[in-house]
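Q: here is the input, now give the coordinates:
(4 chains)
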2 protein chains.
Amino acid sequence: MGVTIKDVAKLAGVSAGTVSVVLNSKTGVSEKLRENVMRAIATLNYHPDHIARSLRVRRTNTLGMVLPQINTMFFGQVLRGAGDEALREGYSIFICDSNADVAQEQRHLATLYARRVDGVLLASAEVYFHRPEGAGREIPIVFFDRIPSGRRGPAVTTDNSEGAQEATNHLISLGHRRIALISGPLSISTGFERAEGFRRAMGAAGLPVREELFLCGDYMLEGGYRCAKELLSLPVPPTAIIAANEEMTMGLIQALADMGIPCPERVSIIGFDDLVTGPNGFSLATMFVPKLTVVAQPGYETGKVAVRTLLQNIGDIERKQEQEEGIIRLPAELRVRGSTAPPLR
Amino acid sequence: MGVTIKDVAKLAGVSAGTVSVVLNSKTGVSEKLRENVMRAIATLNYHPDHIARSLRVRRTNTLGMVLPQINTMFFGQVLRGAGDEALREGYSIFICDSNADVAQEQRHLATLYARRVDGVLLASAEVYFHRPEGAGREIPIVFFDRIPSGRRGPAVTTDNSEGAQEATNHLISLGHRRIALISGPLSISTGFERAEGFRRAMGAAGLPVREELFLCGDYMLEGGYRCAKELLSLPVPPTAIIAANEEMTMGLIQALADMGIPCPERVSIIGFDDLVTGPNGFSLATMFVPKLTVVAQPGYETGKVAVRTLLQNIGDIERKQEQEEGIIRLPAELRVRGSTAPPLR
DNA sequence: TTGAAAGCGTTACCAG
DNA sequence: CTGGTAACGCTTTCAA
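A: Numbers count the residues shown, from 1 in each chain, chains lettered A, B, ... in the order given. Presented below is the predicted three-dimensional model:
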């Protein structure tokens, strides 16, 4: 069926090796020969077999990406950034949704390894990362968003601590003192760091972090909803609430609506992530009433930088150079909108 | 570096071919031999090379998916459905964002063909589809969401006409007569079909489709915004507006907000697509004020069915059977919420 | 039931 | 600068 390099060689009256040289090296071929070969390629409509090439050169120009949730706005942005950068560099990406499940993540990783991807982008469901069982070979990994302990390799994430601090400081400067955090799991790096930024800002302002105002959610909508209800049912409820990720922010808003608590009059809220959708960077946070004050994460940039870092490391390994191992923290940005206001009285 | 099938064979004291048989056929191997080989595999930590295997068997267990916009709620759902189904069947998916650009789509398709994917899932940016230039081989394609004319091969999409009819009928039954449509491009099948459903419902009710109330947008937020403003600035504005996709719905809502027009008091609105995010099927449409009445599309199911159909066709080709060529229309569902109400007076 | 050998479509090495 | 030949790691005949 398929037309191979040999067919081209035959038609052009040269050897297969020569065709390969024409195809792969810019130089070292007489102009006449090159034209000859190119014509044969065109008439036969030849397309090199990427699989055969991969087998031979031991490089697939393929990346694997596994993340805990494919259809959220944040990861949607990451996907775009990663895809754009990969395309630019001639790489394709296998995208795998682990469903935040460790077993599924392992399964995906095993598949990716078997497929000989050149590198992996990983937002791991695991708290402590061990390389996939029996990978055989070492494949460069770049962690993004959440960074498991025990990792080896570079990571790119948002400056979560700084972002949470800014959010908290904003509330403090508005005059809030009873500020609550619906935190993510402290076992996940982003959850821990955001909690830590919150604590630091509170501490710096001489405000106590009351136990009943510091609730750990699970990064899921339902958890955020539950925590919000708990907070708002307190004898003395908080005057401001920060939710530590996009889904819990929705839960929080729903709880407010269900309980009929006006925002920002009775309680100010800040979400994490700007709920950006579509290619033009439109924020859904502006469609809520009131418009949501948020800490925006640079999702697109995260994907882009993660791919760039991974490609860099792949290159370094080939050149047997030292690889990057550090954590790259992309800046978060507080976007003040209508959901935050000074507390009553 | 990597441990190969030969290493396993050597350790187990058999030939490479035998190891392959043990690995790939359930039967025809003595129990003792099998155990022997398996032990060798375990101790060596051997993992078959998927690339080499693909080259030999001329099948990659890989699918390509190209879509015009990766980070929208609708396609996010499709991605999940497709990914889940592919995983179940042992396939991996290359996901490619064409950015709704024909040239980029062609580029992606060429890459996918070179990589010898077993099949392609395509939400095409092209109105008239031609197979990618010089694909060499015929690869099965399943179209999803939008269906270009000139296609060959099956397609799965929402029952757009029916969905638009239901939406229109709902408004009519509420008493609306001046109903406007912010349509998608009529060159795109989904746009055309939704417009057609709208027309049909209006016709059946004996209502005219006024020219000034039938605007063609571009499926983008800005376009929806512009159309909405135009409609609402009319001397006699419509009492109800339907927007034909998710981004134009946002544009419509924004226009309403900017112009300070109360919904549903002064104008009722219906969006297309339910803005579902996350794994639990949570609809963002419920977070707007008022909650949005929408025509929901079964995005997850679309992805799932598309993959299933594609795999079916791949199998049929191998068995040299006739392949499916029809259009599968998944039902749309009207979800009535707060943004639709009877017109004033 | 098992082994040997011939490819799958490339690229890389080594002669000429 | 070009051609032949040997891999790459696997599966699949075909014999034994």
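Q: residue of the stretch 201-345 of chain A nearest DNA strand D, please.
A: Per CB to the nearest atom of the strand, A:Glu318 is where the stretch 201-345 of chain A lies closest to DNA strand D, at 16.2 Å. Glycine gets a C-beta too; all of them are placed from N, C-alpha and C.
Q: what sits against that residue?
A: Contact analysis of A:Glu318 by CB atoms under 8 Å, 6 or more residues apart in numbering or on different chains lists nothing.
Q: A:Val66 too?
A: A:Val66 neighbours (CB under 8 Å, 6+ apart): A:95-98, A:105, A:108-109, A:112, A:120-124.
Q: now with 10 Å?
A: If you count contacts by CB atoms under 10 Å, 6 or more residues apart in numbering or on different chains, A:Val66 has them with A:94-98, A:104-109, A:111-112, A:120-125.
Q: can you give me the strands in chain A?
A: For chain A, strands defined by DSSP state E occupy the ranges A:62-67, A:92-97, A:119-122, A:141-144, A:155-158, A:179-183, A:214-216, A:240-243, A:268-272, A:276-277, A:282-283, A:293-296, A:327-330, A:333-335.
Q: go through the fourth one and flag the buried ones.
A: The neighbour-count check on strand A:141-144 (16 or more other CB atoms under 10 Å in any protein chain shown) flags A:Ile141, A:Val142, A:Phe143, A:Phe144 as buried.
Q: export that strand as CSV, just CAs?
A: Extracted in CSV, the C-alpha atoms of strand A:141-144 (Å, rounded to 0.1, in the frame of the first residue of the first chain):
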residue,chain,number,x,y,z
ILE,A,141,9.9,14.6,33.3
VAL,A,142,8.7,18.1,34.0
PHE,A,143,6.2,18.6,36.7
PHE,A,144,3.6,21.3,36.4
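Q: and it, average pLDDT?
A: When pLDDT is averaged over strand A:141-144, the result is 97.
Q: and stretch A:111-123, end to end?
A: Using CA to CA, to the nearest Å, one end of stretch A:111-123 lies 16 Å from the other.
Q: that one vs DNA strand C: in contact?
A: No - Stretch A:111-123 lies out of reach of DNA strand C by CB under 7 Å from any atom of the strand, never closer than 13.2 Å.
Q: how far away from the center of its chain is that stretch?
A: 16 Å (CA atoms, centre = their mean, to the nearest Å).
Q: wait, does it contact DNA strand D?
A: No - applying CB under 7 Å from any atom of the strand, one finds stretch A:111-123 separated from DNA strand D by no less than 8.9 Å.
Q: that stretch near chain B anywhere?
A: Yes - residues of stretch A:111-123 are located near chain B by CB under 10 Å from any CB of the partner chain, namely A:Thr111, A:Leu112, A:Tyr113, A:Ala114, A:Arg115, A:Arg116, A:Val117.
Q: which ones are touching the residue of the stretch 151-300 of chain A at minimum distance from chain B?
A: Nearest to chain B, among the residues of the stretch 151-300 of chain A, is A:Val289, at 4.4 Å (CB to the nearest CB). By CB under 10 Å, 6+ apart, A:Val289 lies in contact with A:Ile253, A:Ala257, A:Cys263, A:Gly338, A:Ser339, B:Ala257, B:Met287, B:Phe288, B:Val289, B:Pro290.
Q: quick check: buried residues in the longest helix along chain A?
A: Scanning chain A for the longest helix, with DSSP state H as the assignment, gives helix A:299-318. Under the neighbour-count criterion of 16+ other CB under 10 Å, helix A:299-318 has A:299-314, A:317 buried.
Q: same question for stretch A:220-231.
A: A:Met220, A:Leu221, A:Glu222, A:Gly223, A:Gly224, A:Tyr225, A:Arg226, A:Cys227, A:Ala228, A:Lys229, A:Leu231.
Q: A:Val78 and A:Lys304 touch, don't they?
A: Yes - between A:Val78 and A:Lys304 there is a contact at 8.8 Å, judged by CB atoms under 10 Å.
Q: which neighbours do those two have in common?
A: In contact with both A:Val78 and A:Lys304: A:Val156, A:Pro298, using CB under 10 Å, 6+ apart.
Q: what are the boundaries of the helices in the stretch 101-250 of chain A?
A: Using DSSP state H, counting those that start in this stretch, the helices of the stretch 101-250 of chain A run over A:102-114, A:160-174, A:189-204, A:221-232, A:246-259.
Q: for the third one, what is the average pLDDT?
A: For helix A:189-204, mean pLDDT rounds to 98.
Q: who touches the nearest residue to A:Arg308 once chain neighbours are set aside in this structure?
A: Leaving out its chain neighbours, the residue that sits closest to A:Arg308 by CB to CB, 6 or more residues apart in numbering or on different chains is A:Glu85, at 5.9 Å. A:Glu85 is in contact with A:Leu63, A:Tyr91, A:Ile93, A:Tyr300, A:Gly303, A:Lys304, A:Val305, A:Ala306, A:Val307, A:Arg308, A:Leu310, A:Leu311, counting by CB under 10 Å, 6+ apart.
Q: output the residues you listed as JSON lines; include the columns pLDDT.
A: Converted to JSON lines, the contacts of A:Glu85 look like this (pLDDT from 0 to 100):
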{"residue": "A:Leu63", "pLDDT": "98"}
{"residue": "A:Tyr91", "pLDDT": "98"}
{"residue": "A:Ile93", "pLDDT": "98"}
{"residue": "A:Tyr300", "pLDDT": "98"}
{"residue": "A:Gly303", "pLDDT": "98"}
{"residue": "A:Lys304", "pLDDT": "98"}
{"residue": "A:Val305", "pLDDT": "98"}
{"residue": "A:Ala306", "pLDDT": "98"}
{"residue": "A:Val307", "pLDDT": "98"}
{"residue": "A:Arg308", "pLDDT": "98"}
{"residue": "A:Leu310", "pLDDT": "97"}
{"residue": "A:Leu311", "pLDDT": "97"}
